[in-house]
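J.: Following is a predicted model, sequence given first.
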Amino acid sequence: MSNQENKRAILPPNNAERVKPALRLDVVVIFLGTTLVALTLVPWYGFTSGYSAGMWVAFAIFMFWNGLSITAGYHRLWSHKTYKAHPVIRVIFAIGGALSVQNSIRIWCADHRHHHRFTDHVDKDPYSAQRGFWYSHMGWMLRDYQATEKDFSNVKDLDQDPIAVWQDKHYVALALASNFLLTTLVGALLGDAIGGLLLLGFLRLVLSHHTTFFINSLAHFWGRQPYSDANSSKDNPIIAFFTYGEGYHNFHHTFQWDYRNGIFWYQYDPTKWLIKALSWCSLASDLKRIAPEIIEQNMARMQLQVAREKISQFKAKNTQLWLEILETEYDQLVEALNEWSNCRQHWVELKKDSILKKWEETETRQKLRELESALDFQRQQWKMLTQQFA
């Protein structure tokens, strides 16, 4: 698709295309019914009977089970294949996904893979942000829009996954059992069956729905774009806090095959922490990570773009000189990154082949240290230069 065609594709639909399809009454009833119960019966019961501390602990457990089943299961495991999980973990995620009432693994992943392939396209992205906040948040589910027509040609791999097939076949039964029977049973064990149904069932369901929906809506409207501006995805630590780490959405859209969303130690990403913890317990494997030099190059490219725009706005006599300095520093940073990456890869290959017994003393290790020093210096130069235009 050419750039001109792509620009036309993401524009809001014309008047002829704005004729809204009929409402999906089943979806409307679910959203409206659960929301009304959460806004009325849940607080009323809390005021009249109260919820025990144990019930609130169970509520938190159900929230995290529900949320992480979507983020670590539906999203990073089944949709993007960023890691592999033990069958026991996949069954737990499959049941937790049914608990979330966001459709089966197969349907959810089909929509999500289309979202990544056609991000922001008004006719092909199921929850395109170009149609507005409400549409991308939940409006896309309320009507049979063209973009939401089911196409399972992109999830043939899941048809070979026995757990995904089992959950898809029994999804309705699993959703009903987990949301009504399980929540009531846990409530009964805690001495309050009705409280369990209201708190673990209805309130948890409504809150978990909107935390997931914020990823499709708010994370495409509010935040920064440190890795790419190829689409509307944004990074936002506030959204990440409420979405189990999914708020680092610009990173995810740029590097969708990475099991992480928040890549820095200070970024809140419990989904990443769970996957890593599972790998320590041999319950997850083959965790995929994008090479650090590729991530850094993307960040530098975006910083260069921002600096160019700021310099162009100055309209000063030395504008061209500043642009040339920026381009030179950027090229030197990329060159240093590539040299360091190539040397590091060579050193890793030598270690694997057991060629070096004392690798600390080898020429390759010494060269790598020198390149790391040169790269650190170039990073400092680039940081000082671009901070002037941040």
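T.: Looks like it arrived, so ask away. Remember, it's a predicted structure, so these values are computed and weren't measured experimentally. Residues are numbered from 1 along each chain as shown.
J.: wait, residue 260 sits on residue 269?
T.: Yes: taking contacts as C-beta atoms under 8 Å, residue 260 lies within contact range of residue 269: 6.4 Å. C-betas here are computed from N, CA, C, even on glycine.
J.: helix/strand/coil for the residue nearest the centre of the chain?
T.: Nearest to the geometric centre of the chain sits residue 246, at 4.1 Å (C-alpha atoms, centre = their mean). Three-state call for residue 246 (DSSP: H, G, I helix; E, B strand; the rest coil): coil.
J.: Distance of it relative to residue 208?
T.: As defined by C-beta to C-beta, to the nearest Å, residue 246 lies at a distance of 13 Å from residue 208.
J.: Same check on residue 237?
T.: On the measure of C-beta to C-beta, residue 237 and residue 208 end up 20 Å apart.
J.: Who has more neighbours out of those two?
T.: Between residue 237 and residue 208, counting by other C-beta atoms under 10 Å, residue 208 is the more crowded of the two (22 against 15).
J.: now the host helix or strand of that one, how far from the chain's geometric center?
T.: Using DSSP states H and E, residue 208 sits within helix 204-216. Centre-to-centre, helix 204-216 and its host chain are 13 Å apart (C-alpha atoms, centre = their mean, to the nearest Å).
J.: send the alpha carbons of it over as CSV?
T.: Output of helix 204-216 as CSV, limited to C-alpha atoms (Å, rounded to 0.1, in the frame of the first residue of the first chain):
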residue,chain,number,x,y,z
ARG,A,204,-14.9,-7.5,38.9
LEU,A,205,-16.3,-8.1,35.4
VAL,A,206,-17.2,-4.4,34.8
LEU,A,207,-13.9,-3.1,36.0
SER,A,208,-11.9,-5.7,34.1
HIS,A,209,-13.8,-4.9,30.9
HIS,A,210,-12.9,-1.3,31.0
THR,A,211,-9.3,-1.8,32.0
THR,A,212,-8.9,-3.9,28.9
PHE,A,213,-10.9,-1.6,26.7
PHE,A,214,-8.6,1.4,27.8
ILE,A,215,-5.8,-0.3,25.9
ASN,A,216,-7.7,-0.1,22.6
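J.: Quick check: longest helix in this protein by residues?
T.: When the chain is parsed with DSSP state H, its longest helix is helix 319-352.
J.: contacting residues for residue 271?
T.: 68, 71-72, 75-76, 244-246, 261 (C-beta atoms under 8 Å, 6 or more residues apart in numbering).
J.: and if we set it to 6 Å?
T.: 71-72, 244-245 (C-beta atoms under 6 Å, 6 or more residues apart in numbering).
J.: Where does the prediction get shaky in the stretch 251-390 of the chain?
T.: Applying pLDDT under 70 to the stretch 251-390 of the chain picks out residues 315-317, 347, 350-365, 390.
J.: Let me know the pLDDT of the closest residue to residue 143 other than its chain neighbours.
T.: Nearest non-adjacent residue to residue 143, counting by C-beta to C-beta, 6 or more residues apart in numbering: residue 21, 4.5 Å away. You'll see residue 21 listed with a pLDDT of 84.
J.: Can you report how many residues neighbour residue 21?
T.: Residue 21 - counted by other C-beta under 10 Å - has 11 other residues nearby.
J.: Please identify the helix or strand for it.
T.: Using DSSP H and E, residue 21 maps to neither a helix nor a strand.
J.: same deal with the one 5 residues further on?
T.: If you go by DSSP H and E, residue 26 is part of helix 25-39.
J.: same question, residue 231
T.: Assigned by DSSP H and E, residue 231 belongs to no helix or strand.
J.: so where do the strands sit in the stretch 101-250 of the chain?
T.: For the stretch 101-250 of the chain, no strands turn up when DSSP state E, counting those that start in this stretch is the criterion.
J.: So which residues of it form helices?
T.: Secondary structure of the stretch 101-250 of the chain by DSSP state H, counting those that start in this stretch: the helices cover 105-117, 133-134, 140-142, 162-169, 171-176, 183-189, 193-196, 204-216, 237-242, 249-254.
J.: Can you say which of the ones you listed is packed in most?
T.: Highest mean neighbour count of the helices of the stretch 101-250 of the chain: helix 249-254, a mean of 25 (counted as mean count of other C-beta atoms under 10 Å).
J.: Return the residues in contact with residue 212.
T.: Residue 212 neighbours (C-beta under 6 Å, 6+ apart): residue 70.
J.: er, residue 272 I mean
T.: Counted by C-beta under 6 Å, 6+ apart, residue 272 has contacts 245, 260.
J.: would it count as being in a helix?
T.: Yes: counting by three-state DSSP, one finds residue 272 located in a helix.
J.: per-domain residue ranges of this structure.
T.: The chain breaks down into these domains under automatic domain parsing: 3-225+232-285, 292-387.
J.: which of the ones you listed is buried the deepest?
T.: Of all the domains of the chain, domain 3-225+232-285 carries the top mean neighbour count, a mean of 18, counting by mean count of other C-beta under 10 Å.
J.: Quick check: the residue nearest to residue 143 touching residue 146?
T.: No: applying C-beta atoms under 6 Å as the test, residue 21 and residue 146 come out as separate, 8.3 Å apart.
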